[in-house]
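What follows is a predicted protein model with its sequence.
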Amino acid sequence: MKPLTSSRTRHRRSRPSIVLLLAFLAWPHVGFSQVAQITGRVTDATEAVTPDATIIVTNEQTGIATHATTNNAGY
């Protein structure tokens, strides 16, 4: 014979699952962060290395700028 369960008991069991699903859907950007990397060597017109050059990369969508300085090898 099957034990009797009320509808209230069934709802209590599914509530944590629903809360977890809603939390996952509310923050989709957490699992989909984007990371990028720019690499290269800074040289002048004669292909000579340019040490201590300041590089500024700006995200056009957010306007956030990141600054870097090259080392003695131009990296």
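Thanks, I have it. Residues are numbered from 1 along each chain as shown.

can you pull the contacts of residue 75?
By Cβ atoms under 8 Å, 6 or more residues apart in numbering, the residues touching residue 75 are 39-42. Quick note: C-beta positions are derived from backbone N, CA and C, even for glycine.

Please repeat the previous calculation with a cut-off of 6 Å.
residue 41 (Cβ atoms under 6 Å, 6 or more residues apart in numbering).

Ok, residue 66 next?
residue 57 are the contacts of residue 66 under Cβ under 6 Å, 6+ apart.

before we move on, which element is it in?
strand 65-69 (DSSP states H and E).

For residue 54, grab phi and psi.
phi -90, psi 130 (degrees, to the nearest 10).

Show the model's pLDDT score for it.
Looking at residue 54, its pLDDT is 95.

beta partners of it?
residue 69 (DSSP bridges).

now the strands for the protein?
54-58, 65-69 (DSSP state E).

In a markdown table, list the ones you listed along with distance to residue 47.
Listed next are those as a markdown table, based on distance: least, Cβ to Cβ, whole Å:
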| stretch | distance to residue 47 |
| --- | --- |
| strand 54-58 | 18 |
| strand 65-69 | 20 |
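
Mind checking those strands for the one nearest to residue 25?
strand 65-69 (31.1 Å; Cβ to Cβ).

What mean pLDDT does the closest one get?
95.

Tabulate the CA atom coordinates of that strand in CSV.
Only the C-alpha atoms of strand 65-69 are listed here, as CSV (Å, rounded to 0.1, in the frame of the first residue of the first chain):
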residue,chain,number,x,y,z
ALA,A,65,40.7,51.2,-20.1
THR,A,66,43.5,48.9,-19.1
HIS,A,67,47.1,50.3,-19.0
ALA,A,68,50.3,48.3,-19.4
THR,A,69,54.0,49.1,-20.0
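
And the residue nearest to residue 57 when sequence neighbours are not counted, how close does it get to residue 46?
Once flanking residues are discounted, residue 57 sits nearest to residue 66: 5.0 Å by Cβ to Cβ, 6 or more residues apart in numbering. Plainly put, residue 66 is 28 Å away from residue 46 if you go by Cβ to Cβ, to the nearest Å.
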